[in-house]
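A.B. asks: Output the structure for:
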Amino acid sequence: MRLGYPCQNLTLSASTNHSLRLKSLSNQDRVHDAIRRNLEGLELILKWNTNQGWRLFRIGQHLVPFGSYPDFPFDWVDYYGPALERIGRQAQYLRQRLSMHPGQFINPGSPDKDVRSRGLAELRYFATALDLLGASDGVIVLHLGGAYDDRQAAKDRFTDCLASETQILKYLALECDERTWPTTDVVEVANRLGIPAIVDTLHHRINPDQLSLEDAFNLAFPTWGDRRPKIHLSSQDPDKMTGAHSARIEPDDFELMLRVLTRREVDVMVEAKDKELALSFQKEAAVV
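C.D. replies: Down below sits the predicted model:
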């Protein structure tokens, strides 16, 4: 079992998610500053992760802030492509598996054509970043989005929107959510697109659709084919709305996951507010 965490490292005060306001996009100095800080943070984090034994890292969605916008002030692929390629070679050498997770406004199943179009542009930006990083085992994690009072129509729009997007599909994986789409629906759409499905333990607990966690894993893991499956581990913050991630992982949640996995080789993205500090449970449990 390999573990990782998303976007930033609190120990290093390093982040891959520095951004800026859209109105500042015309200020190239500010754009370059944000991107450089993100790339520097990524390099620092990858080296630190390897020394600590962590093998997964989710890059922030703002690696290139507004990188999908048609009014982006310069060709970021041309300007930062060589740096991304170099960092990608480093990640491969360090055996770090990279992923990205678009924001919730990305919705290929929307009935609004403009929303679908903007979503595709954003997903192409993510895929281009992973292409430049050479992340052959990389993952773009996406939720199915809204149901819009017609679940089947939403699923059909989602698949129709993405069916021809080969650059995106080679990285895309669908994650269950805590409100609308349980693992059963996610696996259905994933199979239609020929892509994998991700089970989030907290989302599944809230929205199980009568499946046990073991059933959900058994349904989702075959969608990965010969690739190493990836799951999300998270715990409920008791002081916030249902589905909000806690600072750390509750021991009961971790122990249940271990029992259900039964030593299967998986990658576990730990989604907790304390980032890498929340991974201490892994060493304490002496899991390898």
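
A.B. asks: Flag every buried residue along the lengthiest helix in the chain.
C.D. replies: Among the segments of the chain that qualify as a helix by DSSP state H, the longest is helix 28-52. Applying a neighbour-count criterion of 16 or more other CB atoms under 10 Å, one finds 31, 34-35, 38-46, 48-50 buried in helix 28-52. (Glycine included, C-beta is placed from N, CA and C.)

A.B. asks: what's the closest non-adjacent residue to residue 184?
C.D. replies: Across the structure, with CB to CB, 6 or more residues apart in numbering as the measure, the residue nearest residue 184 apart from its sequence neighbours is residue 209 (5.0 Å).

A.B. asks: for residue 153, same thing?
C.D. replies: Skipping the residues right next to it in sequence, residue 153 comes nearest to residue 111 by CB to CB, 6+ apart, at 7.8 Å.

A.B. asks: I'd say the one you found and residue 158 touch.
C.D. replies: No. Assessed by CB atoms under 8 Å, residue 111 is found out of contact with residue 158, at 11.1 Å.

A.B. asks: if you count what's nearby, which of those two comes out ahead?
C.D. replies: Looking at residue 111 and residue 158 with other CB atoms under 10 Å, you find the greater number of neighbours at residue 158, namely 24 against 14.

A.B. asks: Which strands or helices does the helix or strand containing that one pack on?
C.D. replies: With the criterion set as DSSP states H and E, the secondary-structure element containing residue 158 is helix 151-162. Other elements packing on helix 151-162 under the criterion 3 or more CB pairs under 8 Å, 6 or more residues apart in numbering; DSSP states H and E are helix 113-132, helix 183-193.

A.B. asks: what would these look like in CSV with mean neighbour count and distance to residue 218?
C.D. replies: Rendered in CSV, the data for those read as follows (neighbours: other CB atoms under 10 Å; distance: least, CB to CB, whole Å):
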stretch, mean neighbour count, distance to residue 218
helix 113-132, 19, 28
helix 183-193, 20, 10
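
A.B. asks: For residue 144, find the nearest of these.
C.D. replies: For the helices and strands packed on helix 151-162, distance to residue 144 was read as CB to CB. The smallest value, 6.3 Å, belongs to helix 183-193.

A.B. asks: contacting residues around the helix or strand following the closest one?
C.D. replies: Past helix 183-193, heading to the C-terminal end, the next element that is a helix or strand (DSSP H and E) is strand 197-198. Taking CB atoms under 8 Å, 6 or more residues apart in numbering as the criterion, the residues outside strand 197-198 that touch it are 139, 141, 173-176, 183, 186-187, 190, 219-220, 223, 230-232.

A.B. asks: which ones among those residues are found in strands?
C.D. replies: The strands in this structure, assigned by DSSP state E, contain 139, 141, 173-175, 230-232 from those.

A.B. asks: and residue 161, what does it touch?
C.D. replies: Residue 161 sits next to 108-109, 116, 119-120 when contact means CB under 8 Å, 6+ apart.

A.B. asks: What does the pLDDT read for the residue nearest the centre of the chain?
C.D. replies: A centroid search over the chain (CA atoms, centre = their mean) returns residue 101, at 3.3 Å, as the residue closest to the centre. Turning to residue 101, the model gives it a pLDDT of 98.

A.B. asks: Report the buried residues of the helix holding residue 158.
C.D. replies: Buried residues in helix 151-162, counting neighbours by 16+ other CB under 10 Å, are found at 154-155, 157-159, 161-162.

A.B. asks: If anything else comes up later, I'll come back, but that's it for now.
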